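Student: Predicted model follows, preceded by the sequence.
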Amino acid sequence: LFNIESIVSLSRRSDLYIYCIYYLYNFLNDNGYLGVITSNSWLDKEYGRPLKRFLLEHFDIEFILKSESEPLFGSSDVNAIILILKKKEYPQFNEDFKTSFVTIKKDLVDIADWNNQNYHDVLINLMSDLKSDPTTNAVKERFYVSVVRNKTLVETIESSWGRHFYGKDPTLLFNNYLKPLIEFADTGRGLKTGSNKMFYIKENSDLYNTIEKDFIKGPVIKSPKEIEQIAYNATPDLYVVMCSESEEKLKSDYEGTYKWVEFFKTESFKGVKLPDTPSLKSHKPYWYSINNAPYGQILFPINPYKKPFFAYLKEPYIIDQRVSFIQQKENIDPKFLAAILNSIVTIIQTELRGTVRALGTSDQNAGYLKEYKVFDLQIFDGTAKEKIINNFDKISNRPFKSSIMEELTQDDRKEFEKSIFIGLGFNEREAEKVLEDLTGYLKRLINERIQQSLRRNENF
């Protein structure tokens with residue numbers, strides 16, 4: 001049997017089906033085939049990396065298929081893929097083997113001849129068509145096929161394999177120019193209070209005027225809906241109460257804050273007194289305490305729809321949990337970092353990493369930010385940096401358009417994007433061509449995300 005230690009070393013976040021693939025390997029003959037339907041999440045998530053290495057070493061990955069026309073499981077909220085694997089005679093790595101990433105354009109009932117054939121025979125015939133010549137019109141009408149060498153799959157193990165469904169990823173052109181974002185900034189999810197009603201207070205409200213100012217911190221950015229343009233120049237009117245003093249101390253020295261604690265001590269949530277709710281019982285040293293709140297000067301929504309952008313604040317604010325924050329490290333210019341983050345190359349990463357949720361939003365786990373790569377800030381000379389920032393000012397101080405795709409049609413946005421590529425050494429013509437390729441790629445990513453959500457909602 002396959003070495004169980006390889007399975008034990010998998011991340012605890014791994015879905016159960018991953019263990020099944022390891023286990024089924026033991027029952028295959030050499031050159032035998034395994035076909036499995038799984039969630040697509042391992043293609044892009046960190047826990048999928050050991051599985052990718054295992055598959056590359058022990059199988060020829062002949063096909064990875066998904067449908068853009070219908071869910072593989074009509075009543076499920078899971079985005080599924082089909083894996084077709086051929087077991088190698090002995091573990092080895094062949095960098096020249098090619099895997100076909102296949103997007104099925106139509107419903108299965110419309111792309112095959114079902115006359116006197118069962119499901120198994122239909123799939124065998126489809127695989128035969130795909131193997132023969134993926135460039136024929138008969139194949140193109142039914143499938144979108146992207147053929148990827150193992151060498152490229154190895155190079156993208158730690159990023160996204162989902163990108164390979166969309167043809168050659170134009171962002172790979174920039175691999176030598178990119179560095180991990182965490183070299184330049186700390187990232188994370190915003191503050192989770194446990195009770196927004198209790199801890200968030202409006203400026204000049206009765207509570208704001210009652211609680212002693214020693215315990216009022218902020219301002220707070222609570223929702224990405226507050227931000228209509230990249231440069232956020234307003235000052236929020238929301239604050240958070242942060243108190244770690246004992247009730248005895250409050251009663252003797254801070255009458256207003258003591259009244260605040262006493263009032264919410266009697267309030268309930270779903271029939272449970274606030275001090276006894278799990279979300280507040282975990283607070284230390286007291287149920288009413290919040291000791292630390294994350295500050296950030298660059299923000300990204302956790303569920304962007306058609307307007308993914310990194311907002312830049314005039315100064316660091318406290319950030320709510322509905323937003324991910326990026327706080328630059330010492331000696332890093334926050335404005336220049338924000339400009340580079342808003343490059344189309346970074347926006348494409350957000351699409352490739354995100355998980356499709358209800359209504360077509362892209363779920364951006366705060367942990368994803370730690371894995372993003374950005375253009376190395378040290379590459380750009382003083383002249384290039386000045387040009388990028390000047391162009392960034394033009395796009396960041398006006399309202400963001402209704403979608404990123406409309407945004408990218410604007411002349412000032414095009415000049416901003418091109419100034420980054422020219423700063424890397426591209427000439428004007430090369431920069432225009434690269435931007436055209438990247439825009440087309442991003443358009444397909446976003447359109448498929450939204451269409452995937454629409455199809456899913458139709459099936460519920």
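Tutor: Sure, I can see it.
Student: For Ile340, list the residues it contacts.
Tutor: Going by C-beta atoms under 8 Å, 6 or more residues apart in numbering, Ile340 touches Thr346, Val374, Phe375, Leu377, Ile388, Ile420. (Glycine included, C-beta is placed from N, CA and C.)
Student: Most neighbours among these, which one?
Tutor: Of all the contacts of Ile340, the highest neighbour tally under other C-beta atoms under 10 Å goes to Ile420, namely 27 neighbours.
Student: Between the two ends of stretch 231-240, what distance do you get?
Tutor: In stretch 231-240, first residue to last residue: 23 Å (C-alpha to C-alpha, to the nearest Å).
Student: what comes into contact with that stretch?
Tutor: Against stretch 231-240 from outside (C-beta under 8 Å, 6+ apart): 191, 193, 199-204, 208, 216-222, 226, 290, 293, 299, 311-314, 317-318, 393, 396-397.
Student: Please repeat the previous calculation with a cut-off of 7 Å.
Tutor: If you take C-beta atoms under 7 Å, 6 or more residues apart in numbering as the criterion, stretch 231-240 is touched by 191, 193, 199-203, 208, 216-222, 226, 290, 293, 311-314, 317-318, 396-397.
Student: Repeat that for stretch 424-431.
Tutor: With C-beta under 7 Å, 6+ apart as the criterion, stretch 424-431 contacts Tyr177, Ile379, Lys418, Phe421, Ile422, Val434.
Student: For that stretch, buried residues please.
Tutor: Leu424, Phe426, Ala431 (16 or more other C-beta atoms under 10 Å).
Student: same check, this time on stretch 233-242
Tutor: Result for stretch 233-242 [16+ other C-beta under 10 Å]: buried residues Pro236, Leu238, Tyr239, Val240, Val241, Met242.
Student: What of stretch 151-168?
Tutor: Counting neighbours by 16+ other C-beta under 10 Å, one finds that the buried residues in stretch 151-168 are Thr152, Leu153, Thr156, Ser159, Ser160, Trp161, Gly162, Arg163, His164, Phe165, Tyr166, Gly167.
Student: C-alpha coordinates for that stretch, PDB please?
Tutor: Output of stretch 151-168 as PDB, limited to C-alpha atoms (Å, rounded to 0.1, in the frame of the first residue of the first chain):
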ATOM      1  CA  LYS A 151       7.200  21.800 -16.300                       C
ATOM      2  CA  THR A 152       4.700  24.700 -16.100                       C
ATOM      3  CA  LEU A 153       2.600  22.700 -13.600                       C
ATOM      4  CA  VAL A 154       5.600  22.300 -11.400                       C
ATOM      5  CA  GLU A 155       6.400  26.100 -11.600                       C
ATOM      6  CA  THR A 156       2.800  26.900 -10.500                       C
ATOM      7  CA  ILE A 157       2.400  24.300  -7.700                       C
ATOM      8  CA  GLU A 158       2.500  27.000  -5.100                       C
ATOM      9  CA  SER A 159       0.100  29.200  -6.900                       C
ATOM     10  CA  SER A 160      -3.000  28.400  -9.000                       C
ATOM     11  CA  TRP A 161      -3.600  25.500 -11.300                       C
ATOM     12  CA  GLY A 162      -7.100  26.900 -12.000                       C
ATOM     13  CA  ARG A 163      -5.400  29.600 -14.200                       C
ATOM     14  CA  HIS A 164      -4.500  26.900 -16.800                       C
ATOM     15  CA  PHE A 165      -8.100  26.500 -17.900                       C
ATOM     16  CA  TYR A 166      -7.900  30.000 -19.500                       C
ATOM     17  CA  GLY A 167      -5.000  29.400 -21.800                       C
ATOM     18  CA  LYS A 168      -1.500  30.700 -21.400                       C
END
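Student: Measure how far it is from the centre of its chain, please.
Tutor: Put simply, stretch 151-168 sits 16 Å off its chain's centre (C-alpha atoms, centre = their mean, to the nearest Å).
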